[in-house]
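In: output the structure for:
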Amino acid sequence: MSNEAIFATWSAAAGPWAQWIKASLFAQAPAGVEPITPAPRDVSWAPAAADTALVVDLPGVESIAFGCSLASRGYCPVPAFNTSPGTTAEVVKTWDIMAALLGAAPLLPQSNVGPPAFLLDIKRTGQDAPLTDATFDNRWFVFKSDLPSAQRLREQGIRRLAVVCREGRFGFDLRDALAEHRDLELSVLDAQTGSAGPFPPPASGVVRMFRTFGRLLRRNMDGSFGRPISHG
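Out: As a prediction, the model looks like this:
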């Protein structure tokens, strides 16, 4: 399948939430990527109600595997990997993510109308990754504009939103992005057991503003992420 056909397949599976797919890895996947078929995951814990949206914040390939399994329960998987692959050493590894996006396509439903499951990569900020002049800096962040507003979700019948992660740990950028979704019922779900925990309280508006500003400085003018590192 061509990159365009793979993207069309994911768009169909994302149904009414397709506009929030990030297309960069689909558009830039090189010809040499060999598809990886994600292993099925036990998602029997996933809320069956149609009024719950999910945000899966796990390592990228694992998020895709969970997205495929959630699709079998009626969720619309929405890959939101907003980064670019590098031609040199990458800060955030994208090759396996692209391979999983390709390999997962045949597993997806041909159409879908359920609640969304947004798929993220918990390693997106490249913590502890070495940065040299030979490195392609494709670290990326989630902003509130990358997800539907609480009002948009409510208009589609969504009343609850849960972050799927491990041991209650997910990105601070995602926590900030969801700070204005407090009028929804927010929770945190463990990816292994499905046990629910409370959503952490948001940082103050001033703290969020400064953190968001710092993240925006990493973004390219067109809203994308990814640039060669230069220390002058």
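In: can you count the residues close to the nearest residue to Ile122 once chain neighbours are set aside?
Out: Distance criterion Cβ to Cβ, 6 or more residues apart in numbering; nearest residue to Ile122, sequence neighbours excluded, is Asp57 at 5.1 Å. (Each C-beta comes from the backbone N, C-alpha and C, glycine too.) As a burial measure, Asp57 scores 25 neighbours (other Cβ atoms under 10 Å).
In: which residue ranges of this protein form helices?
Out: 3-14, 24-28, 60-71, 95-104, 150-155, 172-177, 205-216 (DSSP state H).
In: deepest-packed of the ones you listed, please.
Out: Neighbour counts (mean count of other Cβ atoms under 10 Å) averaged over each of the helices of the chain peak at helix 60-71, with a mean of 25.
In: average pLDDT for that one?
Out: Mean per-residue pLDDT for helix 60-71: 97.
In: circling back: any idea how far Leu178 is from the residue nearest to Ile122?
Out: Using Cβ to Cβ, to the nearest Å, we find Asp57 at a distance of 11 Å from Leu178.
In: kindly report the same for Lys144.
Out: 8 Å.
In: these two: which is more packed in?
Out: Leu178 (22 against 18).
In: give me the pLDDT value at the more buried one.
Out: pLDDT, read off for Leu178, is 97.
In: follow-up on the earlier one: turn the helices of the chain into JSON lines, including distance to Ala196.
Out: Output for those, formatted as JSON lines (distance: least, Cβ to Cβ, whole Å):
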{"stretch": "helix 3-14", "distance to Ala196": "25"}
{"stretch": "helix 24-28", "distance to Ala196": "31"}
{"stretch": "helix 60-71", "distance to Ala196": "16"}
{"stretch": "helix 95-104", "distance to Ala196": "27"}
{"stretch": "helix 150-155", "distance to Ala196": "19"}
{"stretch": "helix 172-177", "distance to Ala196": "17"}
{"stretch": "helix 205-216", "distance to Ala196": "25"}
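In: Gly171 against Lys123, yeah?
Out: No. Checked against Cβ atoms under 8 Å, the pair Gly171 and Lys123 is beyond contact range at 9.5 Å.
In: more neighbours: those two, which one.
Out: Gly171 (20 against 17).
In: contacting residues for that one?
Out: 57, 120, 122, 124-125, 141-142 (Cβ atoms under 8 Å, 6 or more residues apart in numbering).
In: if we use 7 Å, what do you get?
Out: Neighbouring residues of Gly171 by Cβ atoms under 7 Å, 6 or more residues apart in numbering: 57, 122, 124-125, 142.
In: which residues do Gly171 and Lys123 both contact?
Out: With Cβ under 7 Å, 6+ apart, Gly171 and Lys123 have no common neighbours.
In: which of the helices of the chain has the lowest average pLDDT?
Out: helix 205-216 - the lowest mean pLDDT of the helices of the chain, at a mean of 84.
In: so which residues of the chain form strands?
Out: All strands of the chain, identified by DSSP state E, fall at 52-58, 76-79, 89-90, 116-121, 135-137, 160-165, 185-190, 196-198, 227-228.
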